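A.B. asks: Fold the stuff below for me.
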Amino acid sequence: MTIALDKFKDETATRLDKLSYADFVEFAFDRDLSDNVWYYSFDAYIFGNTNVTAQHLITLFRAPEVLEKYTPRQIEQGLYFVTSLLCDIKFDGLFWDTRLPFERREELIFANYDLFARFFAHHKTENICFMWWDVLAYGYYMANGKAEDEDGERVQQAMFETLKKILEIDSGDCQESALHGLGHLKHAETEQAIKDFLRRHRASQELKDYAQACIDGTMG
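C.D. replies: Residues are numbered from 1 along each chain as shown. Next comes the predicted model:
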């Protein structure tokens, strides 16, 4: 996979690996939002040691209650910043950083389930919940579900397993997000996973129609 995690080189940028967990959360979420896409700035941050940021995100996903002190808009923008760390452009970002052992990246991917079960299932968002896996899985959609190498296949499989678990959360928002992600991930077993979900759960006609669009890859 192509990795470009150290491309933010400006000397004024914040080094994420030098932040404590509390400072990382503040950096990501304690914003006045006068610039609501601040994290797109090329001189906003550099990763440094990506293992540090990976651990911060695992901690955040497993205990997302820390976000409740921020406003909904701060949470929305902060979580979009988080997705930019996980996946920047196509197959790029922490999920594909081969400097991290795959077991570490798998732990990070699996921890996304906790974010959904512990936060998104109980807090309405503007659109970050729905778009979460769109951002993270879109590279596979662009590549018609084909990973670039064996490592990419393992990442795809970990994402697939996580999305199947999120589908079982008793939350329409989480289920719709997971379906959206499965549609973009284009895993070989996506269709079967969605059909199995529909057999096990009572779903509205609207959700059934959306699930079929995700199978067809026409969900947008």
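A.B. asks: Now do the helix or strand of the chain with the lowest mean pLDDT: which elements does it pack against?
C.D. replies: In the chain, no helix or strand scores lower on mean pLDDT, DSSP states H and E than strand 45-46, which sits at a mean of 87. Judged by 3 or more C-beta pairs under 8 Å, 6 or more residues apart in numbering; DSSP states H and E, strand 45-46 is in contact with strand 14-15. The way it works is simple: take the backbone N, C-alpha and C, and place the C-beta from them, glycine included.
A.B. asks: Give me the mean pLDDT for the strand it packs on.
C.D. replies: The average pLDDT within strand 14-15 is 90.
A.B. asks: which element follows it toward the C-terminus?
C.D. replies: helix 21-29 (DSSP states H and E).
A.B. asks: Please identify the buried residues of that next one?
C.D. replies: 24-25, 27-29 (16 or more other C-beta atoms under 10 Å).
A.B. asks: so after the longest helix seen in the chain, what's the next helix or strand?
C.D. replies: Ranked by residue count under DSSP state H, the longest helix found in the chain is helix 150-167. Next along the chain after helix 150-167, taking DSSP H and E as the criterion, comes helix 172-185.
A.B. asks: Next, the angle from that following helix to helix 150-167.
C.D. replies: 160 degrees (axes from the mean of the first three to the mean of the last three C-alpha atoms, to 10 degrees).
A.B. asks: So which elements touch helix 172-185?
C.D. replies: Right, helix 172-185 is packed against helix 128-142, helix 150-167, helix 190-200, helix 205-216 by 3+ C-beta pairs under 8 Å, 6+ apart.
A.B. asks: tell me how far the shortest one is from the chain's mean position?
C.D. replies: On the basis of C-alpha atoms, centre = their mean, to the nearest Å, the separation between the geometric centre of helix 190-200 and that of its chain is 22 Å.
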